[in-house]
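>>> fold the stuff below for me.
(3 chains)
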Amino acid sequence: MTKFISKRVGLALVTLLILSAIVFILGSLLPGDPGRSTLGPLAPESAVKALDHQYGTDKPLLTQYWVFISHFVRGDMGMSNVYHSAVRPLLFTAIGHSLKLAILAFIIVVPLGIFAGVFAALHAGKASDRLIVVAGGSSTVTPELVSGIFLILVFGLWLNVLPYSATPPPGASIGTQLYHLILPAIPLVIVLFGYIARMARAGTIEALGSDYVRTAVLKGLPRRTVIRRHVLRNSLLPTITVIASQTGYLIGGLFVVETLFHYNGVGTLLLQAATQKDYPMLEAGILTIGIVYMVATLVADLLYSYLNPRIRYQGLE
Amino acid sequence: MSIDVIPVESAGAVAAERTGPSPRGELLHDIVRSKTFIVGAVIVGFWIICAIFGYAIAPHNPTAENLEAINKAPSSAHWFGTDQLGRDVFSRVITGARNILIIVPLAVILSTVLGTALGLVMGYFRGLLDESIARVLEAFLALPLIVIALTAIAAIGASNLVVILVIAVVFTPLIARTVRTSVLLERELDYVAAARLRGEKSPYIMFVEILPNVMAPIVVEFTVRIGYAVFAVAALSFLGFGVQPPTPDWAADIAANYPLVAAGYWWEVLFAALALASLVIGINLIADAVEGAIDQ
Amino acid sequence: MSELDRLREGRTELENHYIDELVSGNVSRRDFLRRGSMIGMSAPLLGAILAACGGANNNSPSATTSGTGTAPAAGAPKKGGTLKVATQAPSAQVNPLTVSDSGGLAMLNQTGEFLAFDNNLKLMLEPMLALSWSPNSDGSVWTFKLRPGVTFHNGQAMTADDVVYSLQQYSDPKNASNALSALGGVLLPSGVQKVDSMTVAFHLEAPVGSFPYLVSSDNYNAIIVPKGTDFSKWQSTFMGTGAFKLKSYTQNVGAQFVANPSHWGGAPYLDGTDFTFYTSQPPQILALQGGQVDVITQFVVQGAQGLLNNSSFTIITLKSSNHRELSMRNDQAPFTDARVRQAVALTMDRPGMVAALLAGKGLLGNDSAFSPVFPSTNTSVPQRTQDIAKAKQLLTAAGHPNGFSVPLVTEIYQEVPALAQVMKANMAKAGINANLKVETQTQYYGKSTIGNSDWLDGTMSLVDYGSRGVPNVFLTSTLTSKGTWNAARFSNPTYDSLVKQFVASVDLQTQRQIAGKIQTLLLQETPLVIPYFVDGLTASKTNVHGLNPTSISQIYLDKAYIS
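Just a heads-up that it's a prediction; the model follows:
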């Protein structure tokens, strides 16, 4: 087990290193300049150069990259080139926001998806099964842009029942915060529902066809108990994989939802950092998301192999 | 944009349950007869017709402005109303199909070709080559779409070509991963060993022996990715990358007219969003039918 | 001795000259107020002179406004309450030296103040931290007398030392301050001199007739801070002399301010203000409509149609010099021929653009930066109108009977992409086919230097320019031979010399005369097209009064109250 973990961690570190290098290369191709984004497009180039020099953002990118990496590994994320304040608090606040939204979406979609998937599997081949599969598949590819617009139109414009700004007034209780997050969570629920339902369905079908379930049924155990004890566990396995693989998207990829619903998550932070060429913020943001993604997939894989003995002993990665 | 694994069941199921290559004719027959395929094909077919003949069949010129009649609600003169420059929204929705139906297939074909090649190489050779490419691909997977898009725009400038390349960069690792998994299973089979014994070179084995036998998951990936590509193109257009005004394009029109929702001018956004959603659903229905038939 | 003669005693030559103009009718009462205030005549004095000149005028120069103000409330202002304001999020650190975005600059004036205040509602320069100012005979030295009894929020008294320190920092090229866009070439740190503890003199590099604007709220960076302030840390204290003090500032989230009871203007009516930051407009509109905020500091028409003509909201409209400029490369075919450039200008349906894109909230542009809102604008120059037939004639004469194709590059910003499409449709009527390229602002501006910027290098380029109190920077930077924003590559020695004269002249009549010549020259040469000027718009609930916004997106809340 430890060998497995350390191998995975080692590989993850290699990926992260490559990731940071890719960001460095891409960063050097990005247009813009922190001095310029601070002073605006009409400022004279001499002023921009002076400001860049003052804040050290005119040093060669390789130097900036090295300085950043050497600090990052010690937990120091440096200073934003544009805000001139520490990156970590800004990034962590944004991650906190994104996490709240993601968790709310999960709380809604996981039970919903699993229930739908198991239901579909139990009625495999019938109309209700087809409906769930098709609905699930379609909802997965529905862009948040589309679902978000519909929600704003219906709930914001016509019905006026839910708040369409995801940002609550400052100091709001956790209940109010979650209330404001309901609408923006829905596009995410729509996207994830299909995955989870199909995975749960596949896992359930497989479990239903497995030997030990058939044995249990033959032994006379009520179907309900069989489902509860054996099938559900198997349907949960793929769900774990899906959740883990979605973390990258959920933390860093939601700029459309964040824009539509006015929410300061990591997606918007990254978009801003890339547009303003705020190099430390960009690197820190992407690497942190990368780390979260790696950890999530590692935990998911561990859970998966722990719960499913068949995988544990095979070498297939 | 959601970037993710394809349903694992497809790759595994195909490899495990297949006893030999399905007769192509029977496969097609199965697909065409399924109800989901028919519905999907009708929807997508409708939009393809609009893409080809849109400019001819639209009641108004989609780029004709009329500053006297801006932001008008749907009426008998303008079934979907007019936008902020007085253009007929119905005509823009009909002709807007063209852009996305050109970009999406090209982007997905490119990613499929690249992903398949990479997947074959990785799965067949394994070892250090496999591991190194896998690490790089994984790194690209962790990169947010935005950063890739902005960099590409900076390097090449905004255009349809850039959108295609960006989507290719994002999808290739995913397709490669799926193909690799299938290849890993295939390479253990007898016919591969036989080919090696015959003295065939690696490229021959990969592309002539193995490739035809992993076509099934590739086809599934292709059809599934088409749906995701629409998703990604929409997100990029929303940010202003891609087609230039005044060319009609659903996502670009949504982005341009989205501020007007606050003013109550819902028609300028709703119909384009419905069009986008219907295309996505249609593609998905077809993908589902294909997958279902292959699974038999 | 008449009352007027009595008032004339002790006035400077320039001031007397203005009074002459008023008496002879060469200057309207409104313009007299404006110009008089700009050269430092106090409000009571101006009112007295007007009264002495006959006409049933009151003493307070509030007779003219540039637009509609807040609804007058019955009864006295009500004290108390916290005003909730929606505003654009600052896009970088709030550092008075470097702020250049609309969100950041709106933060500066919440706690910081300037020597003078450019009151956009009254179109007058008013005393703020300086009580009065006057030029020497040629406008190369300006002496400002400071207001006594002003204290910073930390209790320290404001003196000439603080003013000198502040202005020296802003005008120092080494600091690369954004304020240099106004002060560069005009004032050097060595030119800022303390005369005594309450008097500061500015020795300019060259005479500038409208210098007071350059140290007013118009130069939005130039707030007065305590001597020795470290600007890069200003964001943590927001130290200033204003009617509000900082309570807290959170990047990307918002800022809160509390009333400063010892403000020189008296304690504000509000207990405090609460700003929420937004990165786009639609959520702000929804927040106002939903009651979560009381005020939107600045908005554009696109998407806000639900607020206009809605009795639940008060809209403050400010005429401004905020405009859009379509430049044509005068050094590239086909635009080397002035006839072609004129033809382009003649295709433009300006009233249609204002009606459709700005919902009427704008002023017609006449292809020069002289907005009707400037008193120096010469209003006798005829307004260009759409004439497609003439445009086609000119094109044929210039050798393009079937028109031509040309690329047009522009930015994603407010209504500019929509304007580009309207311009394309207009030009098409004369056979000119413009191929649009709409870029993000970063892409469009590039390095903002000639040769490195789509904005400056495009064959046709459509850009936006924010409002200013005087047209000087537009005239110099965009069209003089050495201008740094000369996207049109216009090079005309007559123009250069006229502009130099215009900038130096202190006298309004002279300015108008020269403006007339400049405006006519630009109509003949047409290096660029300016179709309209965009009004500044602020929205609030109807129970909010006393708001004082400016067209550069500042908002002053010291006299605001909620009824």
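>>> ok, now how distant is B:D190 from B:I283?
Summarising the geometry, the distance separating B:D190 from B:I283, computed by CB to CB, to the nearest Å, is 37 Å. Yep, even glycine has a C-beta here, placed from its N, CA and C like the rest.
>>> where does the prediction get shaky in chain B?
Along chain B, the model assigns pLDDT under 70 to residues B:1-27, B:30-33, B:154-155, B:157, B:295-296.
>>> can you tell me the SS state at the most centrally placed residue in it?
What sits nearest the mean C-alpha location of chain B, by CA atoms, centre = their mean, is B:I226, with 2.1 Å. When states are read from DSSP: H, G, I helix; E, B strand; the rest coil, the local structure at B:I226 comes out as helix.
>>> and if you look at the one 10 residues further on?
For B:L236, the secondary structure call by three-state DSSP comes out as helix.
>>> can you pull the contacts of it?
Residues near B:L236 by CB atoms under 8 Å, 6 or more residues apart in numbering or on different chains: B:L145, B:A149, B:V163, B:V166, B:G242, B:A251.
>>> contacting residues around the fourth one?
Contacts here follow CB under 8 Å, 6+ apart; on that basis B:V166 touches B:L145, B:I148, B:A149, B:A152, B:A232, B:L236, B:F241.
>>> in which helix or strand would I find it?
Here B:V166 sits within helix B:160-186, counting by DSSP states H and E.
>>> A:T2: neighbour count?
Taking other CB atoms under 10 Å in any protein chain shown as the criterion, the count of residues near A:T2 is 6.
>>> cool, A:A197 as well?
Around A:A197 sit 29 other residues, with neighbours defined as other CB under 10 Å.
>>> what does C:S28 give?
Taking other CB under 10 Å as the criterion, the count of residues near C:S28 is 13.
>>> surely B:V39 is within a strand?
No - following the definition three-state DSSP, B:V39 is helix and is not counted among the residues of a strand.
>>> and the closest residue to it other than its chain neighbours, helix, strand or coil?
Among residues not flanking B:V39 along the chain, B:L285 sits closest, at 5.5 Å (CB to CB, 6 or more residues apart in numbering or on different chains). Under the three-state scheme (three-state DSSP), the conformation of B:L285 reads as helix.
>>> buried stuff in the helix holding B:V166?
Neighbour-count burial for helix B:160-186, counted by 16 or more other CB atoms under 10 Å in any protein chain shown, picks out B:160, B:162-186.
>>> state the distance from the closest residue to chain C within the stretch 151-296 of chain B to C:A418.
The shortest separation between the stretch 151-296 of chain B and chain C is 3.1 Å, found at B:P259 (distances taken as CB to the nearest CB). When distances are taken as CB to CB, B:P259 and C:A418 turn out to be 11 Å apart.
>>> and these two? Which one has more around it.
Neighbour comparison, B:P259 and C:A418: the larger count goes to B:P259, with 24 against 21 (by other CB under 10 Å).
>>> can you name the residues that contact the residue of the stretch 151-296 of chain B closest to chain C?
Residues in contact with B:P259 (CB under 8 Å, 6+ apart) are C:S280, C:Q281, C:P282, C:Q302, C:G303.
>>> and for C:W264?
Contacts here follow CB under 8 Å, 6+ apart; on that basis C:W264 touches C:R147, C:G149, C:V150, C:T241.
>>> what are the phi and psi angles of it?
Main-chain torsions, C:W264, degrees, to the nearest 10: phi -60, psi -20.
>>> and if you look at C:T143?
Main-chain dihedrals, C:T143, degrees, to the nearest 10: phi -110, psi 130.
>>> and what of the one 3 residues further on?
Here the main-chain torsion angles of C:L146 (degrees, to the nearest 10) amount to phi -80, psi 160.
>>> got the residues of the stretch 101-250 of chain A near chain C?
A:G156, A:P163, A:Y164, A:S165, A:T167, A:P169, A:P170 (CB under 8 Å from any CB of the partner chain).
>>> what's the ChimeraX syntax to select whichever of those residues are buried?
In ChimeraX syntax, the buried subset of those is picked out as below (16+ other CB under 10 Å):
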select /A:156,163,164,165,167
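>>> among the residues of the stretch 101-250 of chain A next to chain C, name the ones in helices.
Assigned to helices by DSSP state H, none of those qualify.
>>> for chain B, state which of the residues of the stretch 101-250 of chain A next to chain C is nearest.
If you rank those by distance to chain B using CB to the nearest CB, A:G156 comes first, at 7.7 Å.
>>> that closest one touches A:S165, doesn't it?
No - taking CB atoms under 8 Å as the contact criterion, A:G156 and A:S165 are not neighbours in contact, 9.2 Å apart.
>>> mutual contacts of those two, please.
With contacts taken as CB under 8 Å, 6+ apart, A:G156 and A:S165 have C:L286 as neighbours in common.
>>> which residue ranges of the stretch 1-150 of chain B form helices?
If you assign secondary structure with DSSP state H, counting those that start in this stretch, the helices in the stretch 1-150 of chain B sit at B:8-17, B:24-33, B:35-57, B:89-95, B:97-125, B:127-142, B:145-156.
>>> okay if I get the ones you listed as a markdown table plus mean neighbour count?
Formatted as a markdown table, those follow (neighbours: other CB atoms under 10 Å in any protein chain shown):
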| stretch | mean neighbour count |
| --- | --- |
| helix B:8-17 | 17 |
| helix B:24-33 | 13 |
| helix B:35-57 | 16 |
| helix B:89-95 | 25 |
| helix B:97-125 | 21 |
| helix B:127-142 | 17 |
| helix B:145-156 | 22 |
